[in-house]
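Trainee: compute the structure for the input listed below.
(chains A and B)
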Amino acid sequence: DIQMTQSPSTLSASVGDGITITCRASQNISRWLAWYQVKPGKAPKLLIYRTSNLETGVTSRFGGSGSGTEFTLTISSLQPDDFATYYCQQYNTYSYTFGQGTKLEIK
Amino acid sequence: EVQLLESGGGLVQPGGSRRVSCAASGFTFSSYAMSWVRQAPGKGLEWVSGISHSGGTTYYTDSVKGRFSISRDNSKNTVYLQMNSLRAGDTAVYYCVIDTSGVGFDYWGQGTLVTVSS
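Mentor: Here you go, the predicted model:
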């Protein structure tokens, strides 16, 4: 199975900051990578698909890049609603796998 | 409006069985692959199982192979996850998701909690 490794596991930032989360795949997944936002008690939300495509309705403050084995999620000008846990997911090959998550906390 | 409504969660004893269901509406169910994703308390997301749009192909994560079985009834717009030989480690919220080709999991249900405990 393809392993997905996110870093950092926890990130502290302030409202207005920009941040970057990294996701590494254990083998080449081309650009078959998605990012999800998870808040306690709520269903996960798809933010970005195929590495850099924003899901409908997602603010352009979110961005994604990368290919092959290394990918990044960037969030600019953090808003209070952005503080959540973020997961990357490869969907190049079953079984699909998620990263372990990055918890974005308010500093 | 796309809706995915899971049901069937509850308390199950170790070694027991449970079937969770997901009733779909608002889209052409028979055209989409579906998956189940779970999240154990305080843990991350884990893809569990997937099924092709026709039901002819199924996939499982290693930890549930031989114990779980995914199926679908396109006439009822419903996908199922039959879980046997349940263990404490299977305790989680189970989410039904639409697996849109090339996109990933773009719609999620609200989840159903399965608790495996004596």
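Trainee: what's the helix or strand for A:Gln89?
Mentor: Using DSSP states H and E, A:Gln89 maps to strand A:85-90.
Trainee: check A:Lys103 too.
Mentor: Assigned by DSSP H and E, A:Lys103 belongs to strand A:102-106.
Trainee: where does that strand sit relative to the chain's centre, distance-wise?
Mentor: 12 Å (CA atoms, centre = their mean, to the nearest Å).
Trainee: now do stretch B:5-19
Mentor: That offset, for stretch B:5-19, works out to 12 Å (CA atoms, centre = their mean).
Trainee: for the strand holding A:Gln89, which strands pair with it and how are they oriented?
Mentor: Strand A:85-90 has its sheet partners listed here by DSSP bridges as strand A:33-38 (antiparallel), strand A:97-98 (antiparallel), strand A:102-106 (antiparallel).
Trainee: point to the helix or strand of chain B where mean pLDDT is at its lowest.
Mentor: Using mean pLDDT, DSSP states H and E, the weakest-scoring helix or strand in chain B turns out to be strand B:104-108, at a mean of 94.
Trainee: so which elements touch that strand?
Mentor: Here strand B:104-108 touches strand A:33-38, strand A:45-49, strand B:33-39, strand B:92-100, going by 3 or more CB pairs under 8 Å, 6 or more residues apart in numbering or on different chains; DSSP states H and E. C-beta here means a position set from N, CA and C on the backbone, and glycine is covered the same way.
Trainee: how about it as PDB, C-alpha atoms only?
Mentor: Output of strand B:104-108 as PDB, limited to C-alpha atoms (Å, rounded to 0.1, in the frame of the first residue of the first chain):
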ATOM      1  CA  GLY B 104     -11.900  11.800  -4.800                       C
ATOM      2  CA  PHE B 105     -14.500  11.900  -2.100                       C
ATOM      3  CA  ASP B 106     -16.600  14.900  -2.900                       C
ATOM      4  CA  TYR B 107     -19.700  14.100  -0.900                       C
ATOM      5  CA  TRP B 108     -19.900  12.600   2.600                       C
END
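Trainee: what's near enough to touch the residue nearest to A:Gln3 when sequence neighbours are not counted?
Mentor: Excluding the flanking residues, the one nearest A:Gln3 by CB to CB, 6 or more residues apart in numbering or on different chains is A:Ser26, at 4.0 Å. Counting by CB atoms under 8 Å, 6 or more residues apart in numbering or on different chains, A:Ser26 touches A:2-5, A:69.
Trainee: re the thing from before, how far away from the center of its chain is the strand holding A:Gln89?
Mentor: 5 Å.
Trainee: which regions of the chain lie under the pLDDT threshold?
Mentor: Just going to use chain A. For chain A, no stretch has pLDDT under 70.
Trainee: hmm, no, I was thinking of chain B.
Mentor: Within chain B, no range satisfies pLDDT under 70.
Trainee: all good on my end, thank you.
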